[in-house]
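*Asks:* Need a 3D model of the sequence below.
(4 chains)
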4 protein chains.
Amino acid sequence: MISAKIAITPQFYDIDPMQVVWHGNYARFFEIARCALLDRIGYGYEAMAASGYAWPIVDLRIRYARPVKLFQGLEVEANLVAYENYLRIAYRCRDAQSGETLTKGQTTQVAVSLQSGETCLESPEVFLEKVRRLL
Amino acid sequence: MISAKIAITPQFYDIDPMQVVWHGNYARFFEIARCALLDRIGYGYEAMAASGYAWPIVDLRIRYARPVKLFQGLEVEANLVAYENYLRIAYRCRDAQSGETLTKGQTTQVAVSLQSGETCLESPEVFLEKVRRLL
Amino acid sequence: MISAKIAITPQFYDIDPMQVVWHGNYARFFEIARCALLDRIGYGYEAMAASGYAWPIVDLRIRYARPVKLFQGLEVEANLVAYENYLRIAYRCRDAQSGETLTKGQTTQVAVSLQSGETCLESPEVFLEKVRRLL
Amino acid sequence: MISAKIAITPQFYDIDPMQVVWHGNYARFFEIARCALLDRIGYGYEAMAASGYAWPIVDLRIRYARPVKLFQGLEVEANLVAYENYLRIAYRCRDAQSGETLTKGQTTQVAVSLQSGETCLESPEVFLEKVRRLL
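*Replies:* Coordinates of the predicted model:
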């Protein structure tokens, strides 16, 4: 299992009128964790572009178990859960102190050839190799 | 079926480095459509608070079928698909000109008593009445 | 004077924990008005790129006279106030009902050649012509 | 001089179609630095509320000297530059490696009594004391 963990503290601008993190902001928190995971694989934004593929997100799911407050220290973990035909990452957001799970999520990305604009039905070899090297 | 439709045009600040709407921004588009739907029911943010309940989002799902470009005119439709035990809304984002479906999504909200802080296992009567009046 | 006016209604996601529009969000409101103004000049984002120039914002100023609440109808006016050496736009955000001024602002943009990457000390002729045509 | 420094790395969601940090996002970067500075003074968001005052931002200025790229390590410094009648903070955003100044800015906040809703013409004693203790 390939994974990465990042720390984040919600700021004033993240908080909604109900005094909790606005639900849409978790997409940003997950993105930071996703980039850390892809960096570990050696396949970050620039490496993707250099390899001739974009990897748009085609599916996003978030389950909010508990609200998050202003300045509540968080730990967001990203785990690679599928990679052969698409790139699926699962996220878990925990309270940094108690370790309690607050939010879970998942994103799915597919490879799109930058040249042809076509969606790949299987993950390109350049990505598979990088993953296999770490497994 | 209770529904509402809003028009939105993605702005420069919505667009990511790949020249398409950043995936997390659809949570904002859906929110505008959701508020229009809840207004139609007579149960917007202020009415919710006045009724003694908050309705946090506990689940969000988005499927991205096609990317959206800068200034591409969109129509976002919100449909109430469940309301007895929770408030579930389905979204469909279409190209305003062609009518082609670009993005689909769903949010689930549960009632939380502002007094006790407890999550309701059934939707409170004040909300059910408003929905029934429209059905 | 070349100007444009847009209507906007702050949404739930615009509101901060103090129950007013978060101060940074006015940059988005101004951008919508700026794009409407530049469209009127025939020099929007795509026309800029086609003309061989980018126009980054080099200065932003905002004065907040009165707070703005959730769903408070706003009218944002953008006025071209300088164009010969740089592109300066002044903004005024008013309550749509009372006409009271709530926020004022200003952005300054300079032309940067997309080919050389150099900042222009005078506005390029392609832009000046479009402005003169309207004056 | 009371100051605070934070590190920040712009993420994919911060970047605009021109491949640089969108100009409005610096308001978020400054806010993180401002909160760090106010924490040092012992007058963060919660202490403000407990003291009976809100401190809305009434003026924001940003000068963009150089664009910032995706994942470019930044250091943002906040300096208290006035506090007797209002709270003014100056910001400087530098490249973390070269130390080059990329962006400068300034925010002005005034105390507003939470009870009366009136703006204070002088900073309240509770804040002045905290500042004097550090000078």
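
*Asks:* okay but residue A:2 is in contact with residue A:41, surely?
*Replies:* Yes. With contact defined as C-beta atoms under 8 Å, residue A:2 and residue A:41 form a contacting pair (6.4 Å). The C-beta positions use only the backbone N, C-alpha and C, and glycine is treated the same way.

*Asks:* who in chain A is up against chain C?
*Replies:* Residues of chain A lying near chain C by C-beta under 8 Å from any C-beta of the partner chain: A:12, A:13, A:15, A:16, A:17, A:19, A:22, A:24, A:70.

*Asks:* Common neighbours of residue A:2 and residue A:41, please.
*Replies:* Common neighbours of residue A:2 and residue A:41, using C-beta atoms under 8 Å, 6 or more residues apart in numbering or on different chains, are A:80, A:131, A:134.

*Asks:* What's the PyMOL syntax to select whichever of those are buried?
*Replies:* Remark: buried members of those, expressed as a PyMOL selection using 16 or more other C-beta atoms under 10 Å in any protein chain shown:
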select buried, chain A and resi 80+131
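
*Asks:* Closest one of the shared contacts of residue A:2 and residue A:41 to residue D:99?
*Replies:* residue A:134 (35.3 Å; C-beta to C-beta).

*Asks:* and the residue nearest to residue A:16 when sequence neighbours are not counted, what does it touch?
*Replies:* Leaving out its chain neighbours, the residue that sits closest to residue A:16 by C-beta to C-beta, 6 or more residues apart in numbering or on different chains is residue A:22, at 4.0 Å. By C-beta under 8 Å, 6+ apart, residue A:22 lies in contact with A:14, A:15, A:16, C:12, C:13.

*Asks:* Of those, which belong to strands?
*Replies:* Using DSSP state E, no member of the contacts of residue A:22 sits in strands.

*Asks:* just checking, what's the longest helix in chain A?
*Replies:* Using DSSP state H, we find that the single longest helix of chain A is helix A:26-41.

*Asks:* Report the next helix or strand after that one in sequence order.
*Replies:* Helices and strands here follow DSSP states H and E; after helix A:26-41, the next one along the chain is helix A:45-50.

*Asks:* what about the next helix or strand after that next one, near chain D?
*Replies:* Next along the chain after helix A:45-50, taking DSSP H and E as the criterion, comes strand A:53-54. No. Strand A:53-54 stays clear of chain D (C-beta under 8 Å from any C-beta), getting no nearer than 12.1 Å.

*Asks:* And for stretch A:107-123?
*Replies:* No. Using C-beta under 8 Å from any C-beta, stretch A:107-123 stays clear of chain D, with a minimum separation of 12.4 Å.

*Asks:* Relative to the whole chain's centre, how far out is that stretch?
*Replies:* Averaging C-alpha positions (C-alpha atoms, centre = their mean, to the nearest Å) puts stretch A:107-123 17 Å from its chain's average.

*Asks:* What are the buried residues along it?
*Replies:* Buried residues in stretch A:107-123, counting neighbours by 16+ other C-beta under 10 Å, are found at A:107, A:108, A:109, A:110, A:111, A:112, A:120, A:123.

*Asks:* Just want the most central residue of chain A.
*Replies:* The centroid of chain A falls nearest to residue A:34 when counting by C-alpha atoms, centre = their mean (3.0 Å).

*Asks:* returning to that earlier point: return the subset of the shared contacts of residue A:2 and residue A:41 lying in helices.
*Replies:* Using DSSP H, the subset of those located in helices is A:131, A:134.

*Asks:* So among the shared contacts of residue A:2 and residue A:41, where is pLDDT lowest?
*Replies:* Confidence by pLDDT is poorest for residue A:134 among the shared contacts of residue A:2 and residue A:41, given 95.

*Asks:* now stretch A:84-102: how far from the chain's centre is it?
*Replies:* Counting by C-alpha atoms, centre = their mean, stretch A:84-102 comes out at 9 Å from the chain centroid.

*Asks:* What of stretch A:35-52?
*Replies:* 12 Å.

*Asks:* ok, now stretch A:118-127?
*Replies:* Put simply, stretch A:118-127 sits 19 Å off its chain's centre (C-alpha atoms, centre = their mean).

*Asks:* C-alpha coordinates for that stretch, PDB please?
*Replies:* Extracted in PDB, the C-alpha atoms of stretch A:118-127 (Å, rounded to 0.1, in the frame of the first residue of the first chain):
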ATOM      1  CA  GLU A 118      -8.700  10.300 -25.700                       C
ATOM      2  CA  THR A 119      -9.300   8.700 -22.400                       C
ATOM      3  CA  CYS A 120      -7.200   5.600 -21.700                       C
ATOM      4  CA  LEU A 121      -9.000   2.400 -20.700                       C
ATOM      5  CA  GLU A 122      -5.900   1.200 -19.000                       C
ATOM      6  CA  SER A 123      -3.300   3.200 -17.000                       C
ATOM      7  CA  PRO A 124      -0.300   4.000 -19.200                       C
ATOM      8  CA  GLU A 125       2.900   2.000 -18.700                       C
ATOM      9  CA  VAL A 126       4.900   5.100 -17.500                       C
ATOM     10  CA  PHE A 127       2.600   5.300 -14.400                       C
END
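
*Asks:* For that stretch, give the mean pLDDT please.
*Replies:* Per-residue scores along stretch A:118-127 average to 97.

*Asks:* Could you see whether chain B lies near it?
*Replies:* No. For a cut-off given as C-beta under 8 Å from any C-beta, stretch A:118-127 has no contacts with chain B; the smallest distance is 10.9 Å.

*Asks:* Show residues contacting that stretch.
*Replies:* Contacts of stretch A:118-127 (C-beta under 8 Å, 6+ apart): A:41, A:43, A:51-53, A:83-87, A:110-113.

*Asks:* let's go with 6 Å and repeat that
*Replies:* Residues from elsewhere that reach stretch A:118-127, judged by C-beta atoms under 6 Å, 6 or more residues apart in numbering or on different chains: A:43, A:51, A:53, A:83, A:84, A:85, A:110, A:111, A:112.

*Asks:* swap in stretch A:33-53?
*Replies:* Under C-beta under 6 Å, 6+ apart, the answer for stretch A:33-53 is A:4, A:6, A:55, A:76, A:78, A:89, A:91, A:111, A:114, A:124, A:126-127, A:130.

*Asks:* Could you pull up the contacting residues of the nearest residue to residue A:95 once chain neighbours are set aside?
*Replies:* In space, and not counting its chain neighbours, residue A:95 is closest to residue A:102: 6.0 Å by C-beta to C-beta, 6+ apart. Counting by C-beta under 6 Å, 6+ apart, residue A:102 makes contact with A:65, A:66, A:68, A:93, A:95.

*Asks:* nearest to residue B:28, of these?
*Replies:* residue A:68 (18.7 Å).

*Asks:* you'd agree that closest one is up against residue A:21?
*Replies:* Yes. Using C-beta atoms under 6 Å, residue A:68 is in contact with residue A:21, at 4.3 Å.
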